[in-house]
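Q: Next comes the sequence, and after it the predicted model I'd like to discuss.
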Amino acid sequence: MVNVWAITHNEDVWVDAEKFRLKQFMEEDVSVMGSDLRLYLFGRNVCLGKAMGLAVVHLWLAQLLKGFRLVPCEDGEVVDMTVLESR
């Protein structure tokens, strides 16, 4: 069993863990891919659509790639795929 209280009151993760601060979820440095939102991965708060969502993403990606014809560059040069700006 996961100790949800310990997760939500961890001072290493949350500033003022004893207080509810909605703005802490609105800050730009909150990572949805990291451990900041791990509360929603376990127990009664688990996302009910997680399994279906992951399956749909795989199907969506397959459909997206199916619509493209991927071929190497004609001149053999490597295309620069560097991301210039990300949010």
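A: Here it is on my side, so go on. Because the structure is a prediction, the values reported are computed rather than measured.

Q: C-alpha from now on. contacts and neighbour counts both.
A: Noted.

Q: Longest helix in this protein, please.
A: Ranked by residue count, the top helix of the chain under DSSP state H comes out as helix 50-66.

Q: Report the rounded mean pLDDT for it.
A: For helix 50-66, mean pLDDT is 88.

Q: mind listing the helices for this structure?
A: Using DSSP H, helices in the chain cover 4-8, 50-66.

Q: Format the ones you listed as CSV; extra columns: distance to Asp80 and mean neighbour count.
A: Shown next, in CSV, are the helices of the chain (distance: least, Cα to Cα, whole Å; neighbours: other Cα atoms under 10 Å):
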stretch, distance to Asp80, mean neighbour count
helix 4-8, 42, 14
helix 50-66, 20, 11
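
Q: which one of those lies closest to Lys19?
A: Closest approach to Lys19 among the helices of the chain (Cα to Cα): helix 4-8, 10.3 Å.

Q: Give the other helices and strands that that closest one contacts.
A: Of the remaining helices and strands, none touches helix 4-8 by 3 or more Cα pairs under 8 Å, 6 or more residues apart in numbering; DSSP states H and E.

Q: Just the C-alphas of that helix, formatted as PDB.
A: Backbone C-alpha positions of helix 4-8 (Å, rounded to 0.1, in the frame of the first residue of the first chain) are rendered in PDB as follows:
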ATOM      1  CA  VAL A   4      -0.300   9.000   0.000                       C
ATOM      2  CA  TRP A   5       0.000  11.200   3.000                       C
ATOM      3  CA  ALA A   6       3.800  10.900   3.000                       C
ATOM      4  CA  ILE A   7       3.900  11.600  -0.800                       C
ATOM      5  CA  THR A   8       1.800  14.800  -0.500                       C
END
